[in-house]
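Enquirer: Have a look at this fold, sequence not included:
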Ligand SMILES: C[S@@+](CC[C@H](N)C(=O)[O-])C[C@H]1O[C@@H](n2cnc3c(N)ncnc32)[C@H](O)[C@@H]1O
């Protein structure tokens, strides 16, 4: 009996690099979100902590640096990058990131990427990857490549900080100049700390339980240095939750002014998945009923779960542009509007390359209609907090200014309501920044219906 021919041994693939590649592939071929896919793969594959950390660094770093990596690769392949097999492009980016941004020795970065290419795409492609990555290595480190790529100061800043040019321009506009621009862009490239919100547990007890520190701005915030918040008993019971300290301030803004007359009906008009509604439910005075609505049934379901067991709340599926409740039903309304999410780029490394300037105008139109709906929902004398996790002027100041131009609307300046938070004023409105406050870049406006 003849023995079957032995298969050539497959190179042992490096678990961290394979996992990073699978994240890049999920993002480019299925529009996956890296911050959801990566933890799932790490759980399934049970990588050693060191490998898991390396996979995270590789995947997030490659996704963030895509623009710079593509600028380098463009000159080294004979075809436009868009015409390459997308798997090959992801592998080239993964290899180039190790060569330019990490202290991985060139031979290791090239050899491991070639092995991956052979296993994932085939031998033919591995030759191309080998040749291109050798040219990347021969061109020196990131600084040398940036010098070679040239461009004007703004283009260089975009490449050096791994941001698309249009976002650099939007940041400059929102910051009012160059002074903090580079610091703001670099802060966007740093993984955020995990923040907790103490909803039905004392903040000090939560800090003790988690080993974290009280947050500097929100009286409910705890900032963690590490560890898995999902293991904490308070998080498991729903007494605490993961929530950026900036989002906590944005929800608290709604509560910071006294009202004349009734103050018993609060509305969160875009509530899914329920983070801010959870905090509002916890901090409202006795006798206040909270209504939380979302247009998407599955998002409303998430709100229902977030508020499970909480008294005096109602969760509805409703379109905030055409409120189904009578006009003037509420004393306070939070509108945490759908937006580009450009203020949370630290959390979602691929979003800066997925979003385009064309996304902004339709969102601004939706935000304007939602703010109109929120102002219809609030009674004369009541307040609307308009917040976004984007600092882009068209989604923030422009939307709020347009509403403020109505004769029945008055702007309540935000900064005096947060005396403990430095440098929060953006004119009459409020703006948090990662580089200033260690939070997402949340925008906040507070409007009162005068009649
Ligand atoms: C920024 S998220 C809200 C986050 C939420 N406030 C929190 O803290 O967890 C925006 C939400 O608006 C919802 N939305 C989008 N268009 C809407 C509309 N026309 N009416 C009501 N909700 C809408 C989306 O489904 C999404 O859940």
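Expert: Alright, I've got the coordinates. None of the values given here were measured: they were computed from a predicted structure.

Enquirer: what's the closest non-adjacent residue to residue 406?
Expert: residue 375 (7.4 Å; Cβ to Cβ, 6 or more residues apart in numbering). Bear in mind the C-beta positions are built from the backbone N, C-alpha and C, glycine included.

Enquirer: what sits against that neighbour?
Expert: With contact set as Cβ atoms under 8 Å, 6 or more residues apart in numbering, residue 375 has these partners: 384, 403, 406, 408, 409, 447, 449.

Enquirer: try it again with 7 Å
Expert: Residue 375 is in contact with 384, 403, 409, 447, 449, counting by Cβ atoms under 7 Å, 6 or more residues apart in numbering.

Enquirer: Point me to the helix or strand that includes it.
Expert: Using DSSP states H and E, residue 375 falls within helix 360-377.

Enquirer: Please enumerate the strands of the stretch 301-450 of the chain.
Expert: 313-317, 330-336, 378-388, 409-412, 425-426, 429-431, 443-449 (DSSP state E, counting those that start in this stretch).

Enquirer: Could you take those strands and lay them out as a markdown table, with extra columns for distance to residue 250 and mean pLDDT?
Expert: Listed next are these as a markdown table, based on distance: least, Cβ to Cβ, whole Å; pLDDT from 0 to 100:
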| stretch | distance to residue 250 | mean pLDDT |
| --- | --- | --- |
| strand 313-317 | 19 | 98 |
| strand 330-336 | 7 | 98 |
| strand 378-388 | 4 | 98 |
| strand 409-412 | 15 | 98 |
| strand 425-426 | 13 | 98 |
| strand 429-431 | 9 | 98 |
| strand 443-449 | 5 | 98 |
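
Enquirer: Now tabulate those in CSV and tack on mean neighbour count.
Expert: Shown next, in CSV, are these (neighbours: other Cβ atoms under 10 Å):
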stretch, mean neighbour count
strand 313-317, 18
strand 330-336, 25
strand 378-388, 23
strand 409-412, 17
strand 425-426, 19
strand 429-431, 25
strand 443-449, 25
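
Enquirer: Nearest to the ligand, out of the ones you listed?
Expert: Closest approach to the ligand among the strands of the stretch 301-450 of the chain is made by strand 330-336 (3.5 Å; Cβ to the nearest ligand atom).

Enquirer: what is the orientation angle of the closest one with strand 378-388?
Expert: 20 degrees (axes from the mean of the first three to the mean of the last three Cα atoms, to 10 degrees).

Enquirer: Do strand 330-336 and the ligand come into contact?
Expert: Yes: applying Cβ under 6 Å from any ligand atom, one finds strand 330-336 touching the ligand at residue 336.

Enquirer: Report pLDDT for residue 5.
Expert: Residue 5 is assigned 46 on the pLDDT scale.

Enquirer: residues contacting residue 138?
Expert: Residue 138 neighbours (Cβ under 7 Å, 6+ apart): none.

Enquirer: dump the residue contacts of the residue most central in space within the chain.
Expert: Geometric centre of the chain, nearest residue: residue 344, 2.9 Å, by Cα atoms, centre = their mean. Contacts of residue 344 were listed using Cβ under 7 Å, 6+ apart, and they are 389, 440.

Enquirer: repeat that for 10 Å
Expert: Applying Cβ atoms under 10 Å, 6 or more residues apart in numbering to residue 344 gives the contacts 35, 188, 192, 244, 246-247, 351, 389-390, 434, 439-442.

Enquirer: what about residue 59, distance to residue 130?
Expert: Distance of residue 59 to residue 130, computed by Cβ to Cβ, to the nearest Å: 22 Å.

Enquirer: More neighbours: which of those two?
Expert: Neighbour comparison, residue 59 and residue 130: the larger count goes to residue 59, with 30 against 16 (by other Cβ atoms under 10 Å).

Enquirer: what's the strand or helix carrying that one packed up against?
Expert: According to DSSP H and E, residue 59 maps onto helix 49-64. Counting contacts by 3 or more Cβ pairs under 10 Å, 6 or more residues apart in numbering; DSSP states H and E, helix 49-64 packs against helix 15-30, helix 34-45, helix 66-74, helix 86-101, helix 351-354.

Enquirer: again, only this time at 7 Å
Expert: With contacts taken as 3 or more Cβ pairs under 7 Å, 6 or more residues apart in numbering; DSSP states H and E, helix 49-64 sits against helix 15-30, helix 34-45, helix 86-101.
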